[in-house]
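Trainee: structure here, sequence nowhere to be found:
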């Protein structure tokens with residue numbers, strides 16, 4: 001179920017790296033590729049973006065495990081200990097954030113798609129940062145429908 005157990009979508013022989021390296025590299029930019037070797041263990045070739053996404057998801061999973069081991073307070077209160085930026089959110093938003101993060105993590109783990117949890121985490125963190133900067137205290141200025149704006 002975890003990202004480290006994922007079986008890449010493609011398998012290539014090590015000889016393909018020398019004969020068709022551009023093709024193999026292009027494929028690895030899209031999804032991880034298993035490279036089999038006669039003289040050793042198979043290797044996985046993937047983009048740095050993919051590897052970093054997996055690493056971020058594992059760090060997030062470690063934080064969620066820490067939250068679940070704590071039994072003091074609500075889920076939102078425990079999550080705010082692990083993610084102090086959540087304190088910039090209203091209590092109701094903290095509850096929504098906590099549940100959204102858990103749901104996104106479960107979806108990421110079960111589908112092996114790290115971007116689901118990372119996008120949710122980033123979205124909530126950026127929202128909290130904007131609120132802390134006071135960007136929620138002013139009403140937006142809406143343009144009239146018939147008002148034309150020059151192109152930059």
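Mentor: Yep, it's here. Owing to the predicted nature of the structure, the values given are computational and were not obtained by experimental measurement.

Trainee: and residue 77, what's its pLDDT?
Mentor: Note for residue 77: predicted pLDDT of 95.

Trainee: the one 10 residues further on now?
Mentor: Confidence at residue 87, expressed as pLDDT, is 97.

Trainee: find the nearest non-adjacent residue to it, please.
Mentor: Spatial nearest neighbour of residue 87, chain neighbours left out: residue 80 (5.5 Å); criterion: Cβ to Cβ, 6 or more residues apart in numbering. (Glycine included, C-beta is placed from N, CA and C.)

Trainee: mind checking what helix or strand follows whichever strand or helix holds that neighbour in sequence?
Mentor: Following DSSP states H and E, one finds residue 80 within helix 75-82. Tracing the chain past helix 75-82, the next element assigned as helix or strand by DSSP H and E is helix 91-111.

Trainee: what separates the following helix or strand past that following helix from the chain centre, distance-wise?
Mentor: Note on helix 91-111: by DSSP H and E, the next helix or strand toward the C-terminus is helix 114-132. In terms of Cα atoms, centre = their mean, to the nearest Å, the centre of helix 114-132 is set 9 Å apart from its chain centre.

Trainee: buried sites along helix 114-132?
Mentor: 114, 116-118, 120-121, 124-125, 127-128, 131 (16 or more other Cβ atoms under 10 Å).

Trainee: low-confidence ranges in the chain?
Mentor: 1-8 (pLDDT under 70).

Trainee: point to the residue nearest the middle of the chain.
Mentor: Central residue check for the chain by Cα atoms, centre = their mean: the C-alpha nearest the mean position is that of residue 118, 1.8 Å away.

Trainee: was I right about that one contacting residue 60?
Mentor: Yes - Residue 118 is within contact range of residue 60, at 7.1 Å (criterion: Cβ atoms under 8 Å).

Trainee: how does this protein divide up, domain by domain?
Mentor: With domains defined by automatic domain parsing, the chain comprises 3-46, 49-132.

Trainee: any idea how far residue 135 lies from residue 102?
Mentor: For residue 135, the distance to residue 102 (Cβ to Cβ, to the nearest Å) stands at 26 Å.

Trainee: so between those two, which is more surrounded?
Mentor: Using other Cβ atoms under 10 Å as the criterion, residue 135 and residue 102 rank with residue 102 on top: 17 against 10.
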